[in-house]
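>>> Sequence plus predicted model, see below.
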Amino acid sequence: LNGDQGVPINKLDTLVACCGYVLVTRKYLDAVATLGEVGMFCECARQGAGECGRPLE
């Protein structure tokens with residue numbers, strides 16, 4: 001990362017994109033997980049039936 005060997009830091013995004021990946025923050029992944037969980041049960045909640053499809057833990 002100091003420029004002596006390996007992949008220069010300014011080329012890291014290009015390398016990751018070549019592999020088919022995208023770098024995102026943990027905060028972004030947490031938000032996507034939360035939205036996914038809420039979205040699965042929102043139809044019942046919008047109808048006032050609570051989270052009817054949610055498995056009990």
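Nice, thanks for sending it over.
>>> Distance of the most centrally placed residue in the chain relative to residue 22?
In the chain, the centroid-proximal residue (Cα atoms, centre = their mean) is residue 29; its distance is 2.8 Å. Using Cβ to Cβ, to the nearest Å, we find residue 29 at a distance of 11 Å from residue 22. Every C-beta, even on glycine, is put in place using the N, C-alpha and C of the backbone.
>>> Does residue 24 lie in a helix or a strand, and which?
Residue 24 belongs to no helix or strand when elements are defined using DSSP states H and E.
>>> and the gap between residue 45 and residue 19?
As judged by Cβ to Cβ, residue 45 and residue 19 stand 39 Å apart.
>>> Over to stretch 18-32 now: how far is its first residue from its last?
24 Å (Cα to Cα, to the nearest Å).
>>> Any idea which helix or strand in the protein has the lowest mean pLDDT?
helix 26-46 (a mean of 78; mean pLDDT, DSSP states H and E).
>>> Now do it: distance to the chain's middle.
11 Å (Cα atoms, centre = their mean, to the nearest Å).
>>> For residue 23, which non-adjacent residue is closest in space?
residue 16 (5.7 Å; Cβ to Cβ, 6 or more residues apart in numbering).
>>> Quick check: that neighbour touching residue 7?
No - Residue 16 lies out of contact with residue 7 (Cβ atoms under 8 Å); the separation is 9.6 Å.
>>> Tell me which residues touch residue 6, please.
Under the criterion of Cβ atoms under 8 Å, 6 or more residues apart in numbering, residue 6 has no neighbours.
>>> and the gap between it and residue 28?
From residue 6 to residue 28 the distance is 26 Å (Cβ to Cβ).
>>> ditto for residue 37
Distance from residue 37 to residue 28, by Cβ to Cβ: 15 Å.
>>> what does residue 4 give?
31 Å.
>>> And residue 21, its phi and psi?
Main-chain dihedrals, residue 21, degrees, to the nearest 10: phi -110, psi 160.
>>> What's the per-residue pLDDT of it here?
Residue 21 carries a pLDDT value of 88.
>>> give me the number of residues near it?
By other Cβ atoms under 10 Å, 10 other residues sit near residue 21.
>>> What of the one 5 residues further on?
Residue 26 is surrounded by 7 other residues when neighbours are defined as other Cβ under 10 Å.
>>> Alright, that wraps it up for me.
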